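J.: Please work out how this folds:
(chains A, B, C and D)
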2 protein chains.
Amino acid sequence: MTDHEKKMYEELARISKALAHASRLYIIHKLDEQEYCVKELTELIGADISTVSKHLTILKNAGIIIDEKRGNCVYYQLQCRCVLSMFSCLTDVIDSNKNKINTILN
Amino acid sequence: MTDHEKKMYEELARISKALAHASRLYIIHKLDEQEYCVKELTELIGADISTVSKHLTILKNAGIIIDEKRGNCVYYQLQCRCVLSMFSCLTDVIDSNKNKINTILN
DNA sequence: TGCCTATTTGGTCAATTAGCCAAATAGAGT
DNA sequence: ACTCTATTTGGCTAATTGACCAAATAGGCA
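T.: Presented below is the predicted three-dimensional model:
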């Protein structure tokens, strides 16, 4: 692996690490429907608000979501819907395993 | 988040965690070109062979790659090429950030 | 059988991550 | 200015992860 390749894969890994958590995937999914503020997401997720705020910071630093302060609240939305293709990738992997198992069993 | 949703997102996170490492992304990329054995991948990556073996185990447990013992070696290949769409997802996110920055600067 | 190569496993250590609580900060509205 | 709400930050602990080394395992081949 060349130095250049190494940098490149680390950059890709930086984004994929941000995606590697159930609550963060959930947040992305919800933000595809509509924008939400921290408090609303906290109620949806059911964790401490500081925990949710930190998840949001991680997603923001990875450039996956953006924030906008309006009135008393900070509203978050997807920076780009392109991240949603992640979900089909993950479910495709899961499905391909199920198919594999079925193929072996039949 | 309902119990059912929680389980679902944890299942998705299980796969995405397996993808969240530079060496593992690199392995996936190389295995798209051709199959490789552990020793070959170790030379490409330049880490300890036990480290590489563990990365391969993680990918295998996530159902992303499969192994096949032939002769003296264990050869790994992608279980499904569908996982490759991950790369375009990640690069799209990176690109969308660059575009965002350019939009702001211009 | 015995040797050799390839791979996995177990142990240890350092670094990172995730969660909560408490405290600090920011700003809206009175 | 004061209060109240929303959010972030700092501190702490427990759990997980990643790396290496050393040892165990597995199989092929002389």
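
J.: Quick one: name the residues of chain A near DNA strand C.
T.: A:17, A:20-21, A:23, A:47-48, A:50-51, A:54-55, A:58, A:69, A:71-72 (C-beta under 7 Å from any atom of the strand). Every residue, glycine included, has its C-beta placed from N, CA and C.

J.: now with 6 Å?
T.: When proximity is defined by C-beta under 6 Å from any atom of the strand, chain A lies next to DNA strand C at A:17, A:21, A:23, A:47-48, A:50-51, A:71-72.

J.: now those as a markdown table including pLDDT?
T.: Putting the residues of chain A next to DNA strand C into a markdown table (pLDDT from 0 to 100) gives the following:
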| residue | pLDDT |
| --- | --- |
| A:Lys17 | 98 |
| A:His21 | 98 |
| A:Ser23 | 98 |
| A:Ala47 | 96 |
| A:Asp48 | 97 |
| A:Ser50 | 98 |
| A:Thr51 | 98 |
| A:Gly71 | 91 |
| A:Asn72 | 91 |
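
J.: is the longest helix along chain A anywhere near chain B?
T.: Criterion DSSP state H: the longest helix present in chain A is helix A:85-105. Yes - using C-beta under 8 Å from any C-beta of the partner chain, we find that helix A:85-105 touches chain B at A:85-94, A:96-97, A:100.

J.: what's the answer for stretch A:16-33, then?
T.: Yes - applying C-beta under 8 Å from any C-beta, one finds that stretch A:16-33 is in contact with chain B at A:16-17, A:19-23, A:25-26, A:29.

J.: Nearest to B:Glu40, out of the residues of chain A next to DNA strand C: which one, please.
T.: A:Lys17 (26.3 Å; C-beta to C-beta).

J.: can you tell me which residues contact that closest one?
T.: Going by C-beta atoms under 8 Å, 6 or more residues apart in numbering or on different chains, A:Lys17 touches A:62, B:20-21.

J.: One more: A:Val74?
T.: A:37-38, A:67-68.

J.: Just the C-alpha atoms of the host helix or strand of it, please, in CSV.
T.: Applying DSSP states H and E as the criterion places A:Val74 in strand A:73-78. Output of strand A:73-78 as CSV, limited to C-alpha atoms (Å, rounded to 0.1, in the frame of the first residue of the first chain):
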residue,chain,number,x,y,z
CYS,A,73,-32.9,25.3,18.8
VAL,A,74,-30.2,23.8,16.5
TYR,A,75,-31.8,22.0,13.6
TYR,A,76,-29.9,19.3,11.8
GLN,A,77,-30.4,18.0,8.2
LEU,A,78,-28.5,15.8,5.8
